[in-house]
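S.K.: attaching a predicted model along with its sequence, questions to come.
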Amino acid sequence: MTAGTDNRITGHIETDEITAQGLLDALVDPVRRSIVRQLAASDHDIACGTFDISVSRSTGTHHFKVLRHAGIIRQYYVGTSKMNTLRRADLESAAPGLIKAVLATREQPIK
């Protein structure tokens, strides 16, 4: 993970700005929960174009923006790839147990 964020990517909020309402609003969508699940299951950061999501590129971009603005993910560039990382420590500090609870729930397949 990069220590800073790329200045081409806006909307990263500080840990103290993460709210329960913002997290819940972002996590209500099954595509966004899928992105979070994939990040949580990975042992490395993931490029936007390599997620297993069944939406158009522009819709995917919207979902990543919502997750970034809620404080769930941090994005940065490596060359031309936009990388994503789950802000585990920040999320645990802001809403203890919430992400673990979301990840522990059974998910219905996205139709």
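M.R.: Done, it's in. Numbering: from 1, shown residues only.
S.K.: ok, and the closest non-adjacent residue to the residue nearest to the spatial centre of the chain?
M.R.: Nearest residue to the geometric centre of the chain (C-alpha atoms, centre = their mean): Ile73, 3.6 Å. Nearest residue to Ile73, sequence neighbours excluded (C-beta to C-beta, 6 or more residues apart in numbering): Leu67, at 4.6 Å. C-betas here are computed from N, CA, C, even on glycine.
S.K.: just say helix, strand or coil for the one you found.
M.R.: When classified by DSSP: H, G, I helix; E, B strand; the rest coil, Leu67 comes out as helix.
S.K.: ok so, going back, so how far is Ala104 from the residue nearest to the centre of the chain?
M.R.: Distance, Ile73 to Ala104, by C-beta to C-beta, to the nearest Å: 19 Å.
S.K.: so Ser81 touches Gln75, yeah?
M.R.: No. When contacts are counted by C-beta atoms under 8 Å, Ser81 is not listed as touching Gln75 (10.4 Å).
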